[in-house]
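K.L.:
whatever this is, show me its structure:
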Amino acid sequence: MQTATNPAAAVTPEQLRALVDQRVDAKLSDLAAKADALPALVGRMDVLHQYVGVFLVAFLVTILAVPLVRRLAIANGIVDRPDETRKMHKFPIAYMGGVGVYLGLMAGVLFSYTWPWHGLLQTHVTTHLTEDGFAFRVPISVLGGMTIIMLVGLLDDVLNISPWQKIGGQLLAAAFLAMEDVGVRVAYQIVYPIATWVGGATDPANQTWILFSVPYLGPFDVVYWSGTAIIAVFVLGACNASNLIDGLDGLLSGVTAIAAIGLLIVGLGLAVADAGRFDSARVIMCLALLGACMGFLPHNFNPAVIFLGDAGSLLLGYVTIVIVLTLGDQGRTDLVIAGLVIYAIPVIDTILAIVRRKLTGKSIADADDQHLHHMFKRALGVKGAVLTLYLIGFGFAGLGVWLATSRARVTYALAMVFALFIGVMAIKVARRKAFEEQMLAKYGPAQPGAGGAGAAAAGASVADGAEAGGNRAIEGMTGTVGAVKVG
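P.N.:
Residues are numbered from 1 along each chain as shown. So this is what the prediction gives:
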């Protein structure tokens with residue numbers, strides 16, 4: 001009789017010990033990897049805990065100030081009256097919601113300025129300190145730009161100023177940023193490789209590229225002036241992009257709040273890493289923006305009782321793009337791109353509006369009802385459209401955070417596919433009428449009972465074949481019957 005052998009009996013003690021050591025090492029490596037990831041998460045939460053007072057102040061001031069601002073707007077006739085084309089609300093709605101948002105933003109930022117006196121806020125541990133030993137606060141130039149943008153929007157809400165006057169105010173707010181070097185290094189990763197090829201005096205430590213000198217003005221720093229031009233383009237683009245999507249109750253304030261969450265996650269990671277001088281200011285602006293949006297949203301979500309107006313839509317776009325520009329303070333152009341991905345909905349909608357109006361021969365300034373939110377509204381209603389765009393906003397925010405913290409190629413690919421899919425679908429829907437007119441002009445309308453000459457010919461051929469086949473079948477059946485009778 002054969003006995004079964006035990007496989008374990010063939011293993012020597014040395015082999016068993018080696019197998020155990022291998023498994024223990026693998027388990028320890030896995031635990032070490034999890035332990036390495038834990039400090040980043042704990043660090044982000046610690047930083048958030050230190051600054052969370054900014055969010056609370058901005059939220060409380062906004063949610064309490066908006067009803068007061070609404071009364072002021074109604075008392076002075078600053079309301080948005082419905083019409084039969086684009087403004088579909090049933091009764092006049094107060095403007096000036098942007099003033100309440102501005103008050104909340106300023107309250108949150110000023111709360112961070114006064115923390116040495118009240119002690120309700122603590123800055124994170126950083127080596128980037130001011131001369132008085134504190135972490136860098138939100139620059140005064142940013143507060144000045146916020147005030148200019150809000151006032152320009154308010155003037156447009158009340159007096160309906162010209163587009164050129166609005167652009168002038170936005171460029172003035174952009175110039176304020178350049179005065180304190182907010183965003184001027186944003187193009188470094190793009191410009192510096194060109195500098196190494198073209199030549200000139202480069203300084204990687206200070207991120208400068210002196211190509212030539214201008215008499216009486218001094219050296220011309222290509223990195224600085226390229227960044228300054230980008231600041232102007234970004235401010236104009238973001239302000240007007242936010243203004244364009246402010247077409248449904250709660251849309252802009254909700255989309256901006258979602259973008260603020262994404263930017264906050266990126267900003268907290270940079271603060272943990274002590275990446276640069278704007279780490280503290282960036283977190284403060286994100287929390288103030290998030291608090292102000294959340295404080296305004298209950299008043300503005302459908303059915304809205306107050307609108308942002310230009311004072312609010314321009315302001316939200318400005319603050320968001322300032323946060324994005326600060327991501328490039330250390331020359332990290334890739335982080336700026338990640339920030340734009342996080343705020344992709346207004347960017348995509350604006351690009352589509354420009355392309356759509358150019359294709360139809362209209363002026364870029366001409367209003368229409370083919371924006372993303374209009375298309376979703378026709379299919380899903382106001383609340384359905386807004387919630388759908390919120391969901392898309394979370395998707396882009398996740399992609400942007402992923403881009404800032406992990407492998408860039410995969411995220412770039414996903415973001416590009418996501419954006420192009422939405423873009424092509426939107427252009428197709430917006431140009432459906434033009435496509436129909438083009439095909440009708442070339443082929444004419446469909447005729448009842450006919451599918452065109454080709455289809456008619458094909459139908460006749462099929463009918464003739466069927467008739468011939470039927471005749472042959474009848475003849476065969478007749479022959480068969482006759483043969484049976486003869487038999």
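K.L.:
the stretch 201-350 of the chain: strands as residue ranges?
P.N.:
201-203, 208-214, 218-221 (DSSP state E, counting those that start in this stretch).
K.L.:
try the stretch 1-150 of the chain
P.N.:
The residue ranges that make up the strands of the stretch 1-150 of the chain, judged by DSSP E, counting those that start in this stretch, are 79-80, 93-94.
K.L.:
quick one: pLDDT of residue 122?
P.N.:
At residue 122, the model reports a pLDDT of 72.
K.L.:
surely it meets residue 115?
P.N.:
Yes: checked against Cβ atoms under 8 Å, the pair residue 122 and residue 115 is within contact range at 7.3 Å. Where C-beta positions appear, they are placed from N, C-alpha and C, glycine not excepted.
K.L.:
these two: who's more crowded?
P.N.:
Applying other Cβ atoms under 10 Å to residue 122 and residue 115 shows that residue 115 carries more neighbours, namely 19 against 14.
K.L.:
give the contact list for the more buried one.
P.N.:
Counting by Cβ atoms under 8 Å, 6 or more residues apart in numbering, residue 115 touches 121-123.
K.L.:
recalculate using a threshold of 6 Å.
P.N.:
residue 121 (Cβ atoms under 6 Å, 6 or more residues apart in numbering).
K.L.:
could you give the number of residues near residue 64?
P.N.:
Under the neighbour criterion other Cβ under 10 Å, residue 64 is assigned a count of 13.
K.L.:
right, I mislabeled it, should have said residue 104
P.N.:
Residue 104 - counted by other Cβ under 10 Å - has 28 other residues nearby.
K.L.:
spatially nearest residue to it (excluding sequence neighbours)?
P.N.:
Beyond its immediate neighbours in the sequence, the residue positioned closest to residue 104 (Cβ to Cβ, 6 or more residues apart in numbering) is residue 62, lying 3.0 Å away.
K.L.:
how close does the one you found sit to residue 107?
P.N.:
If you measure residue 62 against residue 107 using Cβ to Cβ, to the nearest Å, the figure is 8 Å.
K.L.:
how close does the nearest residue to residue 243 once chain neighbours are set aside sit to residue 269?
P.N.:
With Cβ to Cβ, 6+ apart as the criterion, residue 243 has its nearest non-adjacent residue at 4.4 Å, and that residue is residue 313. With the distance defined as Cβ to Cβ, residue 313 ends up 29 Å from residue 269.
K.L.:
of these two, who's got more company?
P.N.:
For residue 313 versus residue 269, neighbours defined as other Cβ under 10 Å are more numerous around residue 313 (29 against 19).
K.L.:
quick one: the more buried one and residue 241 touch, right?
P.N.:
No: Residue 313 lies out of contact with residue 241 (Cβ atoms under 6 Å); the separation is 9.4 Å.
K.L.:
need the contact list for the residue nearest to residue 104.
P.N.:
Remark: with contacts taken as Cβ under 6 Å, 6+ apart, residue 62 is in contact with 100-101, 104, 292, 295-296.
K.L.:
low-confidence stretches in the stretch 251-400 of the chain?
P.N.:
Counting by pLDDT under 70, the ranges of the stretch 251-400 of the chain that qualify are 363-366, 368.
K.L.:
let's see it at 50
P.N.:
Per-residue confidence for the stretch 251-400 of the chain (pLDDT under 50) gives no ranges below the cut-off.
K.L.:
so where do the helices sit in it?
P.N.:
Listed in chain order, the helices of the stretch 251-400 of the chain (DSSP state H, counting those that start in this stretch) span 251-272, 279-300, 309-326, 333-342, 344-359, 372-405.
K.L.:
tell me the angle the fourth one makes with helix 344-359.
P.N.:
Counting by axes from the mean of the first three to the mean of the last three Cα atoms, to 10 degrees, helix 333-342 points 80 degrees away from the direction of helix 344-359.
K.L.:
mind listing what's buried in helix 333-342?
P.N.:
By 16 or more other Cβ atoms under 10 Å, the buried positions in helix 333-342 come out as 333, 335-342.
K.L.:
same deal with the second one?
P.N.:
Using 16+ other Cβ under 10 Å as the test for burial, helix 279-300 gives 279-297, 299-300.
K.L.:
same question for the last one.
P.N.:
Along helix 372-405, the positions that meet the burial threshold by neighbour count (16+ other Cβ under 10 Å) are 372-377, 382, 385-390, 392-393, 395-404.
K.L.:
picking that back up, out of the helices of the stretch 251-400 of the chain, which gets nearest to residue 151?
P.N.:
Closest to residue 151 of the helices of the stretch 251-400 of the chain, according to Cβ to Cβ: helix 309-326, at 7.8 Å.
K.L.:
quick check: the gap between residue 273 and residue 329.
P.N.:
Per Cβ to Cβ, residue 273 is found 13 Å from residue 329.
K.L.:
so these two - more neighbours on which side?
P.N.:
Taking other Cβ under 10 Å, residue 273 and residue 329 do not tie; residue 329 has more neighbours (25 against 11).
K.L.:
got the contact list for the more buried one?
P.N.:
Contact criterion Cβ under 6 Å, 6+ apart gives 185, 276, 278 as the residues in contact with residue 329.
K.L.:
most neighbours out of the residues you listed, which is it?
P.N.:
Neighbour counts for the contacts of residue 329 were taken using other Cβ under 10 Å; the highest belongs to residue 278, with 29 neighbours.
K.L.:
surely that one and residue 326 touch.
P.N.:
Yes: counting by Cβ under 6 Å, residue 326 is a contact partner of residue 278 at 4.3 Å.
K.L.:
looking at the strands of the stretch 1-150 of the chain, which one is packed in the most?
P.N.:
strand 93-94 (a mean of 24; mean count of other Cβ atoms under 10 Å).
K.L.:
packing partners for that one?
P.N.:
helix 13-75 (3 or more Cβ pairs under 6 Å, 6 or more residues apart in numbering; DSSP states H and E).
K.L.:
pLDDT averaged over the helix it packs on - what is it?
P.N.:
Per-residue pLDDT values across helix 13-75 average out to 76.
K.L.:
with stretch 405-413 instead?
P.N.:
Confidence over stretch 405-413, taken as the mean pLDDT, stands at 66.
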